[in-house]
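Visitor: sequence first, then the predicted structure, then my questions.
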Amino acid sequence: MRETIKKLFKQLIEFFIAVSGFIIAKLRNPQQRYWAALLWVKWLFPFAVFVDRWVFRRPQKSLLSKTALLKFILSAITRYAYIEIPLRSPNERTLLEYHRKYGGFILCSAHFGLTMAVFGFLEKHGIPITSISNGGSRKKAYGWNWGCTEPLRLIKSDAKSFIKVRKALAKDEIVLVYCDHATDDNFQNDFLFLSPNIFEYAYKATIPLLFLGAALAYDGIIEIEFVEASHPIPASAEELVMVMEEFRLFVAQRMEKSISFKKKSSVLV
(Lines give C-alpha, C1' and ligand atoms only; values in the text may rest on other atoms or scores of the structure.)
Protein backbone atom coordinates (compact mmCIF):
# COMPACT_ATOMS: atom_id res chain seq x y z
CA MET A 1 0.00 0.00 0.00
CA ARG A 2 2.78 2.42 0.96
CA GLU A 3 4.63 1.71 -2.29
CA THR A 4 1.46 2.53 -4.23
CA ILE A 5 1.14 5.83 -2.35
CA LYS A 6 4.80 6.65 -3.07
CA LYS A 7 4.34 5.93 -6.76
CA LEU A 8 1.20 8.08 -6.90
CA PHE A 9 2.91 10.97 -5.12
CA LYS A 10 5.86 10.74 -7.49
CA GLN A 11 3.56 10.96 -10.51
CA LEU A 12 1.71 13.92 -8.98
CA ILE A 13 4.99 15.74 -8.27
CA GLU A 14 6.25 15.16 -11.83
CA PHE A 15 2.95 16.44 -13.21
CA PHE A 16 3.02 19.50 -10.94
CA ILE A 17 6.59 20.36 -12.01
CA ALA A 18 5.68 19.95 -15.69
CA VAL A 19 2.62 22.22 -15.33
CA SER A 20 4.64 24.78 -13.35
CA GLY A 21 7.31 24.78 -16.05
CA PHE A 22 4.67 25.31 -18.74
CA ILE A 23 3.13 28.26 -16.86
CA ILE A 24 6.48 29.95 -16.14
CA ALA A 25 7.51 29.46 -19.79
CA LYS A 26 4.58 31.72 -20.77
CA LEU A 27 6.35 34.77 -19.29
CA ARG A 28 7.55 37.02 -22.11
CA ASN A 29 10.96 37.92 -20.71
CA PRO A 30 13.40 34.94 -20.87
CA GLN A 31 15.29 36.19 -17.80
CA GLN A 32 12.05 36.62 -15.82
CA ARG A 33 11.49 32.90 -16.33
CA TYR A 34 14.63 32.16 -14.33
CA TRP A 35 13.75 34.44 -11.41
CA ALA A 36 10.20 33.06 -11.38
CA ALA A 37 11.69 29.55 -11.17
CA LEU A 38 13.84 30.64 -8.24
CA LEU A 39 10.79 32.08 -6.44
CA TRP A 40 8.89 28.84 -7.17
CA VAL A 41 11.69 26.90 -5.48
CA LYS A 42 11.68 29.20 -2.46
CA TRP A 43 7.96 28.71 -1.81
CA LEU A 44 7.80 25.00 -2.65
CA PHE A 45 10.89 23.84 -0.75
CA PRO A 46 9.30 23.48 2.75
CA PHE A 47 6.47 21.36 1.30
CA ALA A 48 8.96 19.27 -0.72
CA VAL A 49 10.99 18.54 2.42
CA PHE A 50 7.81 17.46 4.24
CA VAL A 51 6.88 15.05 1.43
CA ASP A 52 10.44 13.76 1.20
CA ARG A 53 10.57 12.87 4.89
CA TRP A 54 7.01 11.79 5.69
CA VAL A 55 5.76 10.26 2.45
CA PHE A 56 8.94 8.80 1.00
CA ARG A 57 10.35 8.24 4.51
CA ARG A 58 13.89 9.22 3.58
CA PRO A 59 16.53 9.33 6.35
CA GLN A 60 16.62 12.41 8.57
CA LYS A 61 19.65 13.54 6.54
CA SER A 62 17.61 14.22 3.41
CA LEU A 63 19.54 14.93 0.23
CA LEU A 64 16.70 17.02 -1.16
CA SER A 65 17.86 20.59 -1.71
CA LYS A 66 16.85 23.84 -3.37
CA THR A 67 19.45 23.06 -6.01
CA ALA A 68 17.66 19.81 -6.89
CA LEU A 69 14.28 21.56 -7.15
CA LEU A 70 15.80 24.31 -9.29
CA LYS A 71 17.26 21.69 -11.63
CA PHE A 72 13.85 20.07 -12.11
CA ILE A 73 11.97 23.30 -12.79
CA LEU A 74 14.63 24.73 -15.14
CA SER A 75 14.48 21.54 -17.20
CA ALA A 76 10.67 21.73 -17.22
CA ILE A 77 10.73 25.34 -18.46
CA THR A 78 13.36 24.57 -21.10
CA ARG A 79 11.04 21.99 -22.67
CA TYR A 80 8.66 24.80 -23.61
CA ALA A 81 10.73 27.97 -24.01
CA TYR A 82 14.19 29.52 -24.04
CA ILE A 83 15.33 30.66 -20.62
CA GLU A 84 17.99 33.29 -19.96
CA ILE A 85 20.00 32.09 -16.96
CA PRO A 86 22.22 34.60 -15.13
CA LEU A 87 25.67 33.03 -14.93
CA ARG A 88 29.13 33.98 -13.77
CA SER A 89 32.45 32.23 -13.53
CA PRO A 90 35.27 33.49 -11.30
CA ASN A 91 37.80 31.55 -13.39
CA GLU A 92 36.37 31.98 -16.87
CA ARG A 93 39.84 32.83 -18.17
CA THR A 94 41.00 29.31 -17.27
CA LEU A 95 38.41 27.85 -19.64
CA LEU A 96 39.20 30.27 -22.47
CA GLU A 97 42.94 29.72 -22.09
CA TYR A 98 42.45 25.95 -22.12
CA HIS A 99 40.45 26.12 -25.33
CA ARG A 100 42.98 28.47 -26.95
CA LYS A 101 45.91 26.29 -25.91
CA TYR A 102 44.55 22.77 -26.41
CA GLY A 103 41.51 23.09 -28.66
CA GLY A 104 39.42 20.10 -27.60
CA PHE A 105 39.68 18.71 -24.07
CA ILE A 106 37.71 16.70 -21.52
CA LEU A 107 35.60 18.52 -18.91
CA CYS A 108 35.28 16.27 -15.84
CA SER A 109 32.27 16.84 -13.61
CA ALA A 110 29.71 15.16 -11.36
CA HIS A 111 25.96 15.46 -10.73
CA PHE A 112 26.19 18.67 -8.69
CA GLY A 113 22.67 19.65 -9.74
CA LEU A 114 23.23 22.77 -11.83
CA THR A 115 26.00 21.51 -14.09
CA MET A 116 23.74 21.76 -17.15
CA ALA A 117 24.09 25.56 -16.97
CA VAL A 118 27.48 25.12 -18.64
CA PHE A 119 25.83 24.34 -21.99
CA GLY A 120 24.36 27.84 -22.33
CA PHE A 121 27.53 29.39 -20.90
CA LEU A 122 29.72 27.79 -23.56
CA GLU A 123 27.24 28.51 -26.35
CA LYS A 124 27.45 32.23 -25.53
CA HIS A 125 31.24 31.99 -25.91
CA GLY A 126 30.91 30.18 -29.21
CA ILE A 127 32.64 27.07 -27.83
CA PRO A 128 31.14 23.75 -29.03
CA ILE A 129 30.46 21.09 -26.40
CA THR A 130 29.44 17.45 -26.55
CA SER A 131 28.27 15.43 -23.56
CA ILE A 132 28.70 11.70 -22.95
CA SER A 133 25.21 10.58 -21.99
CA ASN A 134 22.41 8.24 -22.98
CA GLY A 135 20.00 11.17 -22.80
CA GLY A 136 18.06 10.20 -19.70
CA SER A 137 14.74 8.35 -19.58
CA ARG A 138 13.53 10.02 -22.80
CA LYS A 139 16.84 9.32 -24.56
CA LYS A 140 16.94 12.85 -25.97
CA ALA A 141 18.33 14.94 -23.10
CA TYR A 142 14.82 16.41 -22.89
CA GLY A 143 15.03 19.85 -21.26
CA TRP A 144 18.76 19.67 -20.51
CA ASN A 145 19.93 22.45 -22.85
CA TRP A 146 19.40 25.32 -20.39
CA GLY A 147 19.99 28.70 -21.97
CA CYS A 148 20.77 27.18 -25.38
CA THR A 149 19.31 27.99 -28.77
CA GLU A 150 20.49 24.66 -30.21
CA PRO A 151 19.87 21.04 -29.08
CA LEU A 152 22.63 19.20 -27.25
CA ARG A 153 25.15 16.99 -28.97
CA LEU A 154 25.38 13.65 -27.19
CA ILE A 155 27.76 10.71 -27.37
CA LYS A 156 26.19 7.50 -26.13
CA SER A 157 28.35 5.63 -23.63
CA ASP A 158 29.08 2.39 -25.45
CA ALA A 159 31.90 0.55 -27.19
CA LYS A 160 32.07 3.21 -29.94
CA SER A 161 32.24 6.20 -27.59
CA PHE A 162 36.07 6.23 -27.59
CA ILE A 163 36.11 6.80 -31.34
CA LYS A 164 33.40 9.46 -31.20
CA VAL A 165 35.22 11.34 -28.42
CA ARG A 166 38.42 11.43 -30.48
CA LYS A 167 36.49 12.84 -33.45
CA ALA A 168 34.86 15.52 -31.29
CA LEU A 169 38.20 16.54 -29.75
CA ALA A 170 39.78 16.70 -33.21
CA LYS A 171 37.14 19.32 -34.11
CA ASP A 172 38.15 21.38 -31.02
CA GLU A 173 34.99 20.46 -29.15
CA ILE A 174 34.87 20.18 -25.37
CA VAL A 175 33.64 16.80 -24.16
CA LEU A 176 31.71 16.84 -20.86
CA VAL A 177 31.86 13.67 -18.78
CA TYR A 178 29.89 12.99 -15.59
CA CYS A 179 32.34 10.75 -13.76
CA ASP A 180 30.13 9.82 -10.81
CA HIS A 181 27.80 6.85 -10.48
CA ALA A 182 25.78 5.26 -7.68
CA THR A 183 24.72 1.74 -6.77
CA ASP A 184 21.53 0.90 -8.70
CA ASP A 185 21.60 4.55 -9.90
CA ASN A 186 20.33 5.58 -6.47
CA PHE A 187 21.88 9.01 -5.94
CA GLN A 188 19.99 9.38 -2.63
CA ASN A 189 22.68 7.34 -0.88
CA ASP A 190 25.23 9.17 1.23
CA PHE A 191 28.09 7.61 -0.73
CA LEU A 192 29.08 8.00 -4.36
CA PHE A 193 31.55 6.37 -6.72
CA LEU A 194 33.75 7.95 -9.38
CA SER A 195 34.71 6.05 -12.50
CA PRO A 196 38.46 6.00 -13.25
CA ASN A 197 37.83 5.17 -16.93
CA ILE A 198 37.92 8.67 -18.40
CA PHE A 199 41.11 9.50 -16.48
CA GLU A 200 42.85 6.35 -17.68
CA TYR A 201 41.69 7.04 -21.22
CA ALA A 202 42.92 10.66 -21.10
CA TYR A 203 46.28 9.47 -19.77
CA LYS A 204 46.78 6.90 -22.52
CA ALA A 205 45.57 9.25 -25.28
CA THR A 206 47.33 12.37 -23.84
CA ILE A 207 44.10 14.39 -23.63
CA PRO A 208 43.90 17.49 -21.37
CA LEU A 209 41.52 17.43 -18.38
CA LEU A 210 39.68 20.30 -16.69
CA PHE A 211 37.33 20.07 -13.68
CA LEU A 212 33.82 21.57 -13.77
CA GLY A 213 31.65 22.58 -10.83
CA ALA A 214 28.38 24.53 -10.57
CA ALA A 215 26.44 25.93 -7.62
CA LEU A 216 23.75 28.42 -6.70
CA ALA A 217 25.30 31.60 -5.24
CA TYR A 218 23.84 33.69 -2.41
CA ASP A 219 22.35 36.22 -4.88
CA GLY A 220 20.55 33.59 -6.96
CA ILE A 221 23.08 33.56 -9.80
CA ILE A 222 24.56 30.24 -10.90
CA GLU A 223 28.33 30.15 -10.51
CA ILE A 224 30.37 27.89 -12.78
CA GLU A 225 33.83 26.75 -11.76
CA PHE A 226 36.62 25.69 -14.09
CA VAL A 227 39.49 24.24 -12.05
CA GLU A 228 42.81 23.15 -13.52
CA ALA A 229 44.46 19.95 -12.30
CA SER A 230 48.09 20.03 -11.21
CA HIS A 231 48.87 17.96 -14.32
CA PRO A 232 46.35 18.78 -17.10
CA ILE A 233 47.89 16.04 -19.24
CA PRO A 234 49.24 13.33 -16.89
CA ALA A 235 52.62 12.16 -18.17
CA SER A 236 53.07 9.22 -15.80
CA ALA A 237 51.06 6.79 -13.70
CA GLU A 238 52.02 8.76 -10.61
CA GLU A 239 50.69 12.00 -12.08
CA LEU A 240 47.50 10.20 -13.10
CA VAL A 241 46.92 9.03 -9.51
CA MET A 242 47.53 12.58 -8.29
CA VAL A 243 44.99 14.07 -10.72
CA MET A 244 42.38 11.45 -9.79
CA GLU A 245 42.81 12.23 -6.11
CA GLU A 246 42.49 15.95 -6.85
CA PHE A 247 39.21 15.30 -8.62
CA ARG A 248 37.95 13.08 -5.78
CA LEU A 249 38.61 15.93 -3.32
CA PHE A 250 37.06 18.43 -5.76
CA VAL A 251 33.80 16.42 -5.75
CA ALA A 252 33.92 15.63 -2.01
CA GLN A 253 34.21 19.33 -1.13
CA ARG A 254 31.01 20.05 -3.08
CA MET A 255 28.92 17.06 -2.01
CA GLU A 256 28.19 15.88 1.52
CA LYS A 257 28.95 12.29 0.60
CA SER A 258 31.63 9.67 0.91
CA ILE A 259 33.48 9.66 -2.44
CA SER A 260 35.70 6.89 -3.78
CA PHE A 261 36.77 5.45 -7.14
CA LYS A 262 35.11 2.32 -8.46
CA LYS A 263 34.99 1.04 -12.04
CA LYS A 264 31.43 0.72 -13.33
CA SER A 265 32.00 -0.81 -16.78
CA SER A 266 34.51 -1.10 -19.58
CA VAL A 267 33.23 1.98 -21.42
CA LEU A 268 34.16 5.61 -20.79
CA VAL A 269 31.91 6.26 -17.78
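Guide: Arrived safely. Numbers count the residues shown, from 1 in each chain.
Visitor: going forward, measure contacts between C-alpha atoms and count neighbours the same way
Guide: Noted.
Visitor: tell me where the stretch 151-269 of the chain has helices.
Guide: Applying DSSP state H, counting those that start in this stretch to the stretch 151-269 of the chain gives helices spanning 161-170, 197-205, 237-252.
Visitor: which stretch among these comes nearest Pro86?
Guide: Closest to Pro86 of these is helix 237-252 (C-alpha to C-alpha; 23.5 Å).
Visitor: on that earlier part again, turn the helices of the stretch 151-269 of the chain into JSON lines, columns for mean neighbour count and mean pLDDT.
Guide: Shown next, in JSON lines, are the helices of the stretch 151-269 of the chain (neighbours: other C-alpha atoms under 10 Å; pLDDT from 0 to 100):
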{"stretch": "helix 161-170", "mean neighbour count": "16", "mean pLDDT": "90"}
{"stretch": "helix 197-205", "mean neighbour count": "18", "mean pLDDT": "92"}
{"stretch": "helix 237-252", "mean neighbour count": "17", "mean pLDDT": "94"}
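Visitor: looking at those, which is closest to Phe112?
Guide: Minimum separation from Phe112 across the helices of the stretch 151-269 of the chain (C-alpha to C-alpha) falls at helix 237-252, 8.5 Å.
Visitor: name the helix or strand for Glu14, please.
Guide: Using DSSP states H and E, Glu14 falls within helix 2-25.
Visitor: so what does the helix or strand following that helix touch, helix or strand wise?
Guide: As assigned by DSSP H and E, the chain's next helix or strand after helix 2-25 is helix 30-54. Using 3 or more C-alpha pairs under 8 Å, 6 or more residues apart in numbering; DSSP states H and E as the contact test, the elements touching helix 30-54 are helix 2-25, helix 66-78.
Visitor: reformat those as JSON lines; add distance to Gly143.
Guide: Output for those, formatted as JSON lines (distance: least, C-alpha to C-alpha, whole Å):
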{"stretch": "helix 2-25", "distance to Gly143": "11"}
{"stretch": "helix 66-78", "distance to Gly143": "4"}
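Visitor: so who does the one residue sitting closest to the centre of the chain touch?
Guide: Centre of the chain computed as the mean C-alpha position; nearest residue by C-alpha atoms, centre = their mean is Thr115, 3.4 Å away. By C-alpha atoms under 8 Å, 6 or more residues apart in numbering, the residues touching Thr115 are 109, 212-215, 224.
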